[in-house]
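[1] for reference, the sequence and a predicted model appear below.
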Amino acid sequence: MQQIWSPWRSQYIQSFSGESKDEECFLCTAAKSSGERDAELLIVGRREHCFIIMNRYPYNAGHLLITPYRHVGEFSEVTPEELTCIMTTLQETTAILEKLLKPHGYNIGANLGRVAGAGLPSHIHFHIVPRWNGDTNFMPVLADVKVVSESMEEMHAKLHAEFLKAGA
């Protein structure tokens, strides 16, 4: 059996301090913020029951999270309205990423529970990761470096503009 190492994930792991009862999760902070802080918080779009935020530790350029405004961690507790909005937004997001980035495919999913890989298990969120042929290369293996080809600020500006055009 071969093992695949992902040393670039150490930055993310080291940043995780766990949630305390007194500390609000970053998704709730973002959900409650005014639109004026969207660029700072990396929010690219807001919809009726969910919003779209860039992942601060992306696997690839355009790695987004779609999450309900409400702090809910159990999939069974997501309301039909929230679920419909999230799924519609996932569909909308793939169209926007297709237009802007032209990926060859996507990874879409949710990590439900800490043992499943959820870094924030108490606030459900869905990942959408654009993928390209050859997007995994020697850099992470040999140099402990993950290459993301565009700055967070540039990517935010492009995505935010497209989500605004797409409307609520």
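    Thanks, I have the structure now.
[2] what's the single longest helix in this structure?
    When the chain is scanned for its longest helix (criterion: DSSP state H), the result is helix 80-101.
[3] which other residues reach that helix?
    Helix 80-101 is contacted by residues 45, 47-50, 52, 61-62, 64, 66-68, 70, 72, 78, 103, 106, 108, 126, 128, 130, 158-159, 162-163, 166 when judged by Cβ atoms under 8 Å, 6 or more residues apart in numbering. Every C-beta, even on glycine, is put in place using the N, C-alpha and C of the backbone.
[4] please check the residues you listed and keep the buried ones.
    Among the contacts of helix 80-101, those classed as buried by 16 or more other Cβ atoms under 10 Å are 45, 47, 49-50, 52, 61-62, 64, 66-68, 70, 72, 78, 103, 106, 126, 128, 130, 158-159, 162-163.
[5] show me what the helix or strand harbouring I128 is packed up against.
    Element membership of I128, judged by DSSP states H and E, is strand 126-131. Strand 126-131 sits against strand 64-68, helix 80-101, strand 105-109, with contacts defined as 3 or more Cβ pairs under 8 Å, 6 or more residues apart in numbering; DSSP states H and E.
[6] turn these into CSV, columns for distance to S122 and mean pLDDT.
    Shown next, in CSV, are the helices and strands packed on strand 126-131 (distance: least, Cβ to Cβ, whole Å; pLDDT from 0 to 100):
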stretch, distance to S122, mean pLDDT
strand 64-68, 11, 96
helix 80-101, 15, 97
strand 105-109, 18, 94
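[7] closest to A31 out of these?
    When the helices and strands packed on strand 126-131 are compared by Cβ to Cβ, strand 64-68 sits nearest A31, at 7.7 Å.
[8] quick check: next helix or strand after the helix or strand of the chain at the bottom of the mean pLDDT ranking?
    Using mean pLDDT, DSSP states H and E, helix 138-143 stands out as the lowest-scoring helix or strand of the chain, at a mean of 47. Following helix 138-143 in sequence order, the next helix or strand is helix 152-166 (DSSP H and E).
[9] gap between that next one and the chain center?
    Helix 152-166 sits 14 Å away from the centroid of its parent chain (Cα atoms, centre = their mean, to the nearest Å).
[10] and for stretch 124-137?
    On Cα atoms, centre = their mean, the centre of stretch 124-137 falls 10 Å from that of its chain.
[11] let's number from 99 now, not from 1
    Taking 99 as the first residue, the last one we looked at is stretch 222-235.
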